[in-house]
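K.L.:
Provided below are the primary sequence and the corresponding predicted coordinates.
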Amino acid sequence: MQNDLECGDIVAGVYRIDTVLGRGADCTVFSAEHTVTGMSFAVKWLRPKLAGTDATQRLIHEARAMMRVHHPNIVRLRDLECDRGTVFLVMDWCRGVSLKNYLHDYRMDVANAVSVLLPSIRGAAAAHGRRVVHRDVKPENIIVSERQGKRDQETVLIDFGASLIEDEIEEGSALLHEICGTPFYMAPEQIRGNEPVDGRCDQYGFACVLYEMIEGKKAFSEENLGLAMSQKLEGRPAPFRQQKIPRRLQWIIRKALEPSPHRRFANMTEFADVLEPYRARGRRSSIRTQH
Ligand SMILES: Nc1ncnc2c1ncn2[C@@H]1O[C@H](COP(=O)(O)OP(=O)(O)O)[C@@H](O)[C@H]1O
Ligand SMILES: [Mg+2]
């Protein structure tokens, strides 16, 4: 089995590997430069020991989901390549920091949080329009553009590794309700596992993320996963404690966190539209937190 990639390695003849941008369960993501055009990309590379396993099929599936969606706030696939006995994705390099790291360093007010997150909610709506459900919306899978403190700062949704392509599976297929995602951000129907999921599970994921952005902590118990799961299934997010969260916005987030998808907003566009009035109108800024 080959070693993992190193800085300076060239794959598929033209992509010169540079730094590690992030690591996931099955893959490492590197920045890479195209040796002919000089353009920079992000390369999602399967760990060598996983070549030839189901993880390869999942990466191909991810590419098929990504190639359906063209939206400025959805990471764009540029190529699916093959080298050293494995396949890999070539995508746009979303320069910035993951929302997870961003929230560690910065605090956002309501208007800033909605303004930063809404573009990727609109991106997810576009993905749903192409029948792609992300199923793993969480801060690690959202990149905040690096123009920090500027008015046009926004987010891009990445990582379609757990996505569902609704029209590629047969009615009644187990894929419709297979359990995938990340417990803290998963919708109850994903946890229950015996019912089909649709785009409303992404609405739930974004509502968990928005809650965390404006409240400064997770919507469900951070200390006890079992408790968090029962709070989700019973529809009991922690009450909002921050002062300046408008009541209607609290209601919107709680509605998107309803355990039954039927009680949430009908679709992602409707969710985005009700959030729209809370966007910042003037200049926005983030406050660096003290550690
Ligand atoms: N296109 C990209 N541009 C910049 N960083 C990326 C990109 N894709 C992934 N990353 C980084 O790599 C990490 C792992 O990638 P991801 O696609 O989420 O893998 P996994 O499916 O294993 O979670 C991300 O959390 C992010 O920090
Ligand atoms: Mg990920």
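P.N.:
Yep, that arrived. Just so we're clear, the structure is a prediction, and the values are computed from it rather than from any experiment. Numbers count the residues shown, from 1 in each chain. Ligands and ions are numbered 1, 2, ... in the order given.

K.L.:
got the CA positions of the helix of greatest length in the chain in CSV?
P.N.:
In the chain, with assignment by DSSP state H, the single longest helix is helix 110-129. What follows is helix 110-129, C-alpha atoms only, in CSV (Å, rounded to 0.1, in the frame of the first residue of the first chain):
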residue,chain,number,x,y,z
VAL,A,110,-27.7,38.0,15.4
ALA,A,111,-27.5,40.2,12.2
ASN,A,112,-23.9,39.1,11.5
ALA,A,113,-24.7,35.4,12.1
VAL,A,114,-27.7,35.4,9.8
SER,A,115,-25.9,37.4,7.1
VAL,A,116,-22.9,35.0,7.2
LEU,A,117,-25.0,31.8,7.2
LEU,A,118,-27.9,32.7,4.9
PRO,A,119,-25.8,32.3,1.6
SER,A,120,-25.1,28.7,2.4
ILE,A,121,-28.7,28.1,3.3
ARG,A,122,-29.6,29.4,-0.1
GLY,A,123,-26.9,27.1,-1.5
ALA,A,124,-28.6,24.2,0.2
ALA,A,125,-31.9,25.2,-1.3
ALA,A,126,-30.3,25.1,-4.7
ALA,A,127,-28.9,21.6,-4.0
HIS,A,128,-32.4,20.5,-2.9
GLY,A,129,-33.7,21.9,-6.2
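
K.L.:
pLDDT of that helix, averaged?
P.N.:
Averaged across helix 110-129, the pLDDT comes to 96.

K.L.:
what element comes up after that helix heading to the C-terminus?
P.N.:
strand 132-133 (DSSP states H and E).

K.L.:
in this structure residue 69 contacts residue 133, no?
P.N.:
No: the pair formed by residue 69 and residue 133 falls short of the contact definition of C-beta atoms under 8 Å, at 11.3 Å. (C-beta placed from N, C-alpha, C; glycine too.)

K.L.:
what do the two both touch?
P.N.:
Residues touching both residue 69 and residue 133 by C-beta atoms under 8 Å, 6 or more residues apart in numbering: residue 127.

K.L.:
got the contact list for residue 212?
P.N.:
Counting by C-beta under 8 Å, 6+ apart, residue 212 has contacts 103, 139, 218, 219.

K.L.:
list just the nearest of the residues you listed to residue 15.
P.N.:
Lowest distance from residue 15 to the contacts of residue 212 (C-beta to C-beta) belongs to residue 139, with 28.0 Å.

K.L.:
so residue 7 touches residue 33, yeah?
P.N.:
No: if you go by C-beta under 8 Å, residue 7 and residue 33 don't touch, sitting 11.1 Å apart.

K.L.:
tell me the pLDDT of the residue lying closest to residue 75 once chain neighbours are set aside.
P.N.:
Once flanking residues are discounted, residue 75 sits nearest to residue 158: 4.3 Å by C-beta to C-beta, 6 or more residues apart in numbering. Listed pLDDT for residue 158 reads 98.

K.L.:
gap between residue 158 and residue 218?
P.N.:
21 Å (C-beta to C-beta, to the nearest Å).
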